[in-house]
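A.B. asks: I'd like to go over a predicted model; first the sequence, then the structure.
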Amino acid sequence: MVPLNYGAPKAAAGLAERARHVAGHRPTAAAILAAAVAARAYALNHQSEQARDALEAADALMDQLPESERSETWLTYGEQKHHVHLSHAFTTLGDTRLAHVSQERALELSAPTSTMTRTLLNIDAATCSHHDGDTEQACHRTVTGPPGGQSRWEARPEGVRRGLFVPDARPRSSAAGCGVDLRS
């Protein structure tokens, strides 16, 4: 995840593939996370076939994951986390229909206080709007959030607008077609 969050998707793809090999083919949190991260990395590397294969593997494993391993903790892999990863992968692949499905589900499962997750999902939705030809809506969503919603970027606490979040959000915002400066 670290190379992916810091803008090194080629390194992330290599590490995720190694993690997939180590995790094996059984339905475990580690195996699903490795496949989902690989899908995101491949999508960012414009390797759509590998991304879709990894997405298919992540979904197949998720379908078999025991309920006891589906809670939202650091050691398990819940549905919310799964849809956040799927949102980014599908958004990057330009599959806006499936991206929107995952965005909506992830938002349903996200706590209202989960500002980083909600902001990244909103930027993915903005990118989908841009991809679908509505750049004005994309820019609006990047800065203010969904229609009628609160600001997704400018209202974020200082700590959220800096650090780990920014390297992951900056390419997503650029993909949305806006000139929003995410450094402030």
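C.D. replies: Looks like it arrived, so ask away.

A.B. asks: Contacts for the host helix or strand of His88, please.
C.D. replies: Using DSSP states H and E, His88 sits in helix 79-93. If you take CB atoms under 8 Å, 6 or more residues apart in numbering as the criterion, helix 79-93 is touched by 32-33, 36-37, 39-40, 43-44, 48, 51-52, 54-55, 58-59, 62, 70, 72, 96, 98-99, 102-103, 105-106, 109-110, 117, 120-121, 124, 127-128, 131, 172, 175. Glycine gets a C-beta too; all of them are placed from N, C-alpha and C.

A.B. asks: List buried residues within these.
C.D. replies: 32-33, 36-37, 39-40, 43-44, 51-52, 54-55, 58-59, 62, 70, 96, 98-99, 102-103, 105-106, 109-110, 117, 120-121, 124, 127-128, 131, 172, 175 (16 or more other CB atoms under 10 Å).

A.B. asks: What about the contacts of helix 79-93, which are in helices?
C.D. replies: 32-33, 36-37, 39-40, 43-44, 48, 51-52, 54-55, 58-59, 62, 96, 98-99, 102-103, 105-106, 109, 117, 120-121, 124, 127-128, 131, 172, 175 (DSSP state H).

A.B. asks: what residue lies at the spatial centre of this protein?
C.D. replies: His88 (3.3 Å; CA atoms, centre = their mean).
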